[in-house]
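Engineer: only geometry, no sequence info:
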């Protein structure tokens, strides 16, 4: 324990070497960036998104279904492929692909709101859309451009589904006109590029030891109580914490910090709403910026936190539910005007057509896709996971309610399911607010990421999932063809559930060579003073 | 400088003024490495408590690996249950091998802040401790550890003018090699709670310029100067204000009185050295004020140019013409860049509210109108002041306001009644806010 004496001794005259941070290779993709102001239109119908998604994913899922079900027969009857859900004939064994739609008793319904003449206020968040008292009210349907087919069968009870997922189902239509499901297939993991993808030129020579740091849910409210752990985090990231050796992961190896949403605590927005309702009656009506109703300290504090660490390390900031960005997905990056100090590290606005170099301080979208150290990352601030969980009922499987350990299990499975559905935000635009895309559905995951993360989860958790190895079995030859999908071992994805920093004080580090995960926890020791 | 002085500094701050000193605030105050600062704290703590027990209280940071808590919600417990996923999950089935990896132990290290009294208890929770150091010293036991954040905030405010890019090495900060920072942006608005701080942007960020903006590395000095000019004045220490305050009224009446504020400052700039100085960054707010004054596009550049040409006449020896042109070009580019950062509701600069007695800039939009009414429709011509930008023989762009006629026709006979009040409004309230004080005044109750 020699290093523990490093600090507990009188000042020495030793010279301190400057420690240099491992450089970051970074490329943010504009998958979710919307056009600027006048290019955004909100008049379109959302239905297009489902058709775009189906058009994109139907070939993929059908390919898998053909593989599995071609020649499948029950009692001498071969399973027939049906193109459209309305072409399903009663009593005939067949399979069809389509979009899942779930009708649930507690799901917010725009038609209900309109008939009751409640105009579209945001529905209050509900823990679940299921009604435990009436499970039979939950209907699962398969739809495509032709129509809908109600799905039944015991198979569904064990299958986690949610609106927006594209799957193929095998079964028969029964006398009620419902489709008895025997088996389901999902598109499964898309093609995964190799590390460094196409631009192998970027790859540094030799292995560099680096780490990518993830944190989410900083939850800064501007009061002093929540910032002490943040102080410790900043100290650590800047390299002030810890000695030259020891158990603590070397902070200088951290190449980049990714902040996955909810950096600003909830109180900034909710308090204002509560206050304004009472204030409106009293004072004279004011328009625009009201300094008394707006509490700037959370964002100011976040700004100074960023400005403190930015001189040493690059930061990618994703907005989250409680952050000052647009609410509907994809959330666009928090405007740099919110960060008077940190914005000096932004790249200048693009001048003309020239390719913009990535910002040192990059305020990106949520969800976000990008390349860090050659790995493809796909992540969100957690809304997608939270929302899907409202569709699912894990309670009966785990035997306990959806909290604690069972909950985090469910979250990991939801994340895996999203990857296998190839859809990062399936429940948008149904129950998650979304921009009405017309030409493409960016939520479809086109290339399999290496790291798939969701922020603002109750606990830290990680897992690795694997897809099937490529079906071409001619072994070593596949290397020669040079296309991207010839990974020898099939896609492997590191799933990360990033906990809320405010509650857990945890920073997640991912090794850039092995994708191994470490956690550093920051806390204060509640001694006798506080316990009394 | 400070290695010997730390005892005095700590004695003054901790013992006399009864303040809390963290290793970072000590390191910043004395400009020493964080490790050294920690050692100083330790040394001071030991010496003082040897002299007089409990005279100084410390908080420690423990780093290392903590024992896993006994609660079932540890990562270990989770991983076990992950192995027990019901086979009913259709997605897992194809990828069973993953579970070996998932079961791997996740390395979990901790950084814990502890009071001196609890140090032993806290140590007991650790499996192995990799380092212990003193985080802060204070005269008494801290009831609430959150006080330490105030110390940090204070420290940041106090040393805000020290560019972390320059001093980071001294503090022991991990150096980022490729830090890119824009030098052109306006300086940060200080947090309301913080003391008036010099803008960070006034410190030349040598490293980023050198490394990232390599296209014109040689022109760095010239490059920097115009960029600084676009920085707003609002961050300046209040000391420099009075001199400017007296200046603006002198220039009133001239058609260029909208530049009035710029001129006196430009003299100031001449007195300063050409290199970047604090005085120079004091100059630019005029540009911004003018932009706020009349919101028409493209104003900013010509006005800056005009001011510059004036300067060149009086201070011709300062730079070669070529360099100036280069600067002007850059400045215009910068202006373009900055435009989308213009925040209408940014904090009003102290200066904007100053020129109360200054008349509104002579930008009477409509001088004359000739109106003919034909068939219920108004047609006519009116004289408007148009901005015209011409290149003069020296190659500068000069903007002149010229009266010119434009024709209009409108269905409804609204404009004259509407426009007239608009023009005369400033007269009705002469003292109101010709310089457009703050945008808040627009919303205030009239």
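Structural biologist: Yep, that arrived. Being a predicted model, the structure only gives us computed values, none of them experimental. Residues are numbered from 1 along each chain as shown, chains lettered A, B, ... in the order given.

Engineer: Please identify which helix or strand holds the nearest residue to residue B:56 once chain neighbours are set aside.
Structural biologist: In space, and not counting its chain neighbours, residue B:56 is closest to residue B:48: 4.6 Å by C-beta to C-beta, 6 or more residues apart in numbering or on different chains. All C-beta atoms are positioned from the backbone trio N, CA, C, and that covers glycine. In the assignment (DSSP states H and E), residue B:48 maps to helix B:34-51.

Engineer: Please name the residues that touch residue 60.
Structural biologist: Went with chain A since none was named. Residue A:60 makes contacts with A:187-188, A:190, A:422, as judged by C-beta atoms under 8 Å, 6 or more residues apart in numbering or on different chains.

Engineer: wrong chain, I was asking about chain B
Structural biologist: B:113-116, B:119, B:122, B:132-135.

Engineer: can you check residue A:511 too?
Structural biologist: Contacts of residue A:511 (C-beta under 8 Å, 6+ apart): A:209-211, A:517-518.

Engineer: Who does it form a beta bridge with?
Structural biologist: residue A:211 (DSSP bridges).

Engineer: of the contacts of residue A:511, buried ones?
Structural biologist: Buried residues within those, counting neighbours by 16 or more other C-beta atoms under 10 Å in any protein chain shown: A:210-211, A:517-518.

Engineer: Show me the domain layout of chain B.
Structural biologist: Domain segmentation of chain B under automatic domain parsing yields B:2-80+B:104-171, B:200-339, B:366-436.

Engineer: Lowest average pLDDT across the ones you listed?
Structural biologist: Lowest mean pLDDT within the domains of chain B: domain B:200-339, a mean of 44.

Engineer: before we move on, the earlier item: of all the contacts of residue A:60, which comes closest to chain B?
Structural biologist: residue A:188 (7.4 Å; C-beta to the nearest C-beta).

Engineer: Just give me the neighbour total for the nearest residue to that closest one once chain neighbours are set aside.
Structural biologist: Setting aside the residues directly before and after it, residue A:188 is nearest to residue A:420 in space (C-beta to C-beta, 6+ apart), at 5.2 Å. Neighbourhood size, residue A:420 [other C-beta atoms under 10 Å in any protein chain shown]: 25.

Engineer: Residue A:420 contacts residue A:190, correct?
Structural biologist: No - look at residue A:420 against residue A:190 with C-beta atoms under 8 Å: they stay out of range, at 9.6 Å.

Engineer: and whatever helix or strand residue A:183 lives in, what other elements does it pack with?
Structural biologist: Assigned by DSSP H and E, residue A:183 falls within strand A:179-185. Taking 3 or more C-beta pairs under 8 Å, 6 or more residues apart in numbering or on different chains; DSSP states H and E as contact, the helices and strands that strand A:179-185 lies on are helix A:47-69, strand A:148-152, helix A:154-157, strand A:166-173.

Engineer: Packed most tightly, which of those would that be?
Structural biologist: Ranked by mean neighbour count under mean count of other C-beta atoms under 10 Å in any protein chain shown, the helices and strands packed on strand A:179-185 are led by strand A:166-173, which reaches a mean of 24.

Engineer: That one versus strand A:179-185: what angle between them?
Structural biologist: Strand A:166-173 runs at 140 degrees relative to strand A:179-185, counting by axes from the mean of the first three to the mean of the last three C-alpha atoms, to 10 degrees.

Engineer: If you average the pLDDT over strand A:166-173, what comes out?
Structural biologist: 88.

Engineer: Just the angle for that strand relative to helix A:47-69, thanks.
Structural biologist: Going by the same axes, to 10 degrees, strand A:166-173 makes 60 degrees with helix A:47-69.

Engineer: what about residue A:127, neighbour count?
Structural biologist: Neighbours of residue A:127 using other C-beta under 10 Å come to 12.

Engineer: Can you tell me how far it is from chain B?
Structural biologist: 20 Å (C-beta to the nearest C-beta, to the nearest Å).

Engineer: My reading is that that residue lies in a strand. Confirm?
Structural biologist: No - under DSSP: H, G, I helix; E, B strand; the rest coil, residue A:127 sits outside any strand and is assigned coil.

Engineer: so what's it up against?
Structural biologist: residue A:390.

Engineer: Work out for me the element residue A:498 sits within.
Structural biologist: Using DSSP H and E, residue A:498 sits in strand A:492-499.

Engineer: Low-confidence stretches in the stretch 251-400 of chain A?
Structural biologist: Counting by pLDDT under 70, the stretch 251-400 of chain A has low-confidence residues at A:266-294, A:349-357, A:393-400.

Engineer: Mind jotting down where the helices sit in it?
Structural biologist: Secondary structure of the stretch 251-400 of chain A (DSSP state H, counting those that start in this stretch): helices at A:267-282, A:297-309, A:383-389, A:395-398.

Engineer: where does the second one sit relative to the chain's centre, distance-wise?
Structural biologist: How far helix A:297-309 lies from its chain's middle: 24 Å, per C-alpha atoms, centre = their mean, to the nearest Å.

Engineer: just the third one next, same as before
Structural biologist: The chain centre lies 9 Å from the centre of helix A:383-389; the measure is C-alpha atoms, centre = their mean.

Engineer: Give me the contacts around that helix.
Structural biologist: A:128, A:162, A:320-321, A:329, A:366-367, A:402, A:407, A:410-411, A:414-415, A:417-418, A:424-428, A:431-432, A:454, A:456-457, A:497.

Engineer: Go again with 6 Å.
Structural biologist: A:162, A:321, A:411, A:414, A:425, A:427, A:431-432, A:454 (C-beta atoms under 6 Å, 6 or more residues apart in numbering or on different chains).

Engineer: So which of those is the closest to chain B?
Structural biologist: Using C-beta to the nearest C-beta, residue A:414 comes nearest to chain B of the contacts of helix A:383-389, at 10.2 Å.

Engineer: Identify the residues contacting the closest residue to residue A:381 other than its chain neighbours.
Structural biologist: Closest residue to residue A:381 apart from its sequence neighbours, by C-beta to C-beta, 6+ apart: residue A:261 at 2.5 Å. Residue A:261 is in contact with A:216, A:318, A:320, A:366, A:381, A:455-456, counting by C-beta under 6 Å, 6+ apart.
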